[in-house]
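[1] sequence and predicted structure are below.
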Amino acid sequence: MRGRPHPLPPEREGEGSSYNGKHKDIGNMRIVQTFWTGRHNPLEYGFGWPHPEYNLMSWALSCLSLREHYDEVVLYTDSAGKRILIDELHLPYTDVQVVFDDFPCLPQHWALAKIKTYSLQTTPFLHVDGDIYVPRPLPENVLSASYGVTMD
């Protein structure tokens, strides 16, 4: 999407080319993502994708598309996830929390890692899965919901 202008949302029409794709108020929404490897090697295991590379490309596209619109995108992961997504791929998360190294959970119960991520939040947030790509800011009614919302 870089290089192509984003269409202005109706409430921002008339701002011309100075609009950078970030809403004044909702660009500050805390976006969180959970990548728990479950002791699998992300370079060898596809996590439901036909090839591991597709999984990693999905995470890259998801993170990059979120960073285009939101100032705070935080990754909750384990050491293996940090090693590949941050140290190797250099994805531009604003913060990385390594919290799943000793997560006592069977890999088939992968959704529990998301619930742990939810439980660690102290401010309003939106959890977005690694296979969600955001070509434009999410609707304000999603970001201002007073209940739990997850994009998966």
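    All right, it came through fine. Owing to the predicted nature of the structure, the values given are computational and were not obtained by experimental measurement.

[2] hey, where'd the helices end up in the protein?
    Assigned helices in the chain, in chain order: 52-69, 79-82, 111-119, 140-143 (criterion: DSSP state H).

[3] got the contact list for the first one?
    In this case it means helix 52-69. 1-2, 21-23, 27, 31, 33, 35, 42-49, 73, 75, 84-85, 89, 91-93, 128-138 (C-beta atoms under 8 Å, 6 or more residues apart in numbering). (Each C-beta comes from the backbone N, C-alpha and C, glycine too.)

[4] in TSV, list the helices of the chain along with mean neighbour count, mean pLDDT and distance to D102.
    Shown next, in TSV, are the helices of the chain (neighbours: other C-beta atoms under 10 Å; pLDDT from 0 to 100; distance: least, C-beta to C-beta, whole Å):
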stretch	mean neighbour count	mean pLDDT	distance to D102
helix 52-69	18	98	22
helix 79-82	18	97	10
helix 111-119	15	94	12
helix 140-143	14	82	33
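
[5] sorry, back to before: buried ones among the contacts of helix 52-69?
    Among the contacts of helix 52-69, those classed as buried by neighbour count (16 or more other C-beta atoms under 10 Å) are 21, 23, 31, 33, 35, 42, 47, 73, 75, 84-85, 91, 93, 128, 130-132, 134, 137-138.

[6] what separates the most centrally placed residue in the chain from Y133, distance-wise?
    With distances taken as C-alpha atoms, centre = their mean, Q33 lies nearest the centre of the chain, 4.1 Å away. Look at Q33 and Y133: by C-beta to C-beta, to the nearest Å, they are 12 Å apart.

[7] where does pLDDT dip in the protein?
    Within the chain, the set of residues satisfying pLDDT under 70 comprises 1-27, 147-152.

[8] go again using 90 as the cut-off
    For the chain, applying pLDDT under 90 flags the ranges 1-29, 39, 104-110, 138, 140-152.

[9] how about the strands in this protein?
    Along the chain, the segments classed as strands by DSSP state E run 30-35, 72-77, 95-98, 125-128, 150-151.

[10] who touches the third one?
    This points to strand 95-98. 72, 74-79, 82, 86, 120.
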